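Chemist: Sequence and predicted structure, then a few things I'm wondering about:
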Amino acid sequence: MANEFYALLGRMRYITRWGLMRNTFSENIAEHSHMTAVLAHALALIRRDILAISGPDPDRCAVAALYHDASEILTGDLPTPIKYYNPDIKDAYKQVERIAGNRLLDMLPPALRPSYEHLVLEDDPEVTPIVKAADKLSAHIKCLEEQKAGNTEFDSAARQTWQAMQAMHRPELDWFLEHCLPPFSLNLDQL
């Protein structure tokens, strides 16, 4: 067995996000996964240390976020308007992601597979909501950065990601949006 898992993870930097949009700067899934991990860690810490609400371990959330788009190494990044066009497409794509995730897991030594299974398949019920909130927040931050650069192409996506975050009803996300999001609209001199 060649154990190709790690070599394929190294190729995350070649998968570009936001394929249907004109970008002022491109973002790949490695960059996105890193930012999502930072945000998932922050959200779990906010939940535990500021809001005093029990929840998943922040470190587990960060690690899960690092792998949350791993299946896209094999599937590519399907744009959101296509992925969620209707329930049939959404369900079919979830199945494709699961097949790709299992294929990736098969590339690990058998002794390591159990340690990666929940990460790649995104099926930890305690961690997944934090990672999903961080994923949406990362997308919204990308929209803000594009808007800051004068790219109105992201106006609609910014509204949609904002509405999606509001609909999550996550207290840690709400706290982040109020206390930590505003500086993302500032330039370096303003920070």
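Modeler: Yep, that arrived.

Chemist: got the contact list for Pro56?
Modeler: 44, 124, 126-127, 130 (C-beta atoms under 8 Å, 6 or more residues apart in numbering). For the C-beta atoms, the positions are set from N, CA and C on the backbone; glycine is no exception.

Chemist: Cross those residues against helices and list the overlap.
Modeler: Secondary structure from DSSP state H places 44, 130 of those in helices.

Chemist: Looking at the contacts of Pro56, which is nearest Leu20?
Modeler: Ile130 (27.5 Å; C-beta to C-beta).

Chemist: element containing Ala40, please.
Modeler: Element membership of Ala40 [criterion: DSSP states H and E] is helix 29-45.

Chemist: What mean pLDDT does the next helix or strand after that helix get?
Modeler: Counting by DSSP H and E, the next helix or strand C-terminal to helix 29-45 is helix 58-67. Helix 58-67 carries an average pLDDT of 98.

Chemist: Just the CA coordinates for helix 58-67, please, in PDB.
Modeler: This file holds the C-alpha atoms of helix 58-67, laid out as PDB (Å, rounded to 0.1, in the frame of the first residue of the first chain):
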ATOM      1  CA  PRO A  58     -11.700  23.700  20.900                       C
ATOM      2  CA  ASP A  59      -8.700  21.600  19.700                       C
ATOM      3  CA  ARG A  60     -11.000  18.900  18.300                       C
ATOM      4  CA  CYS A  61     -12.900  21.600  16.500                       C
ATOM      5  CA  ALA A  62      -9.700  23.100  15.000                       C
ATOM      6  CA  VAL A  63      -8.500  19.700  13.800                       C
ATOM      7  CA  ALA A  64     -11.900  18.800  12.300                       C
ATOM      8  CA  ALA A  65     -11.900  22.100  10.400                       C
ATOM      9  CA  LEU A  66      -8.500  21.300   8.900                       C
ATOM     10  CA  TYR A  67     -10.000  18.200   7.200                       C
END
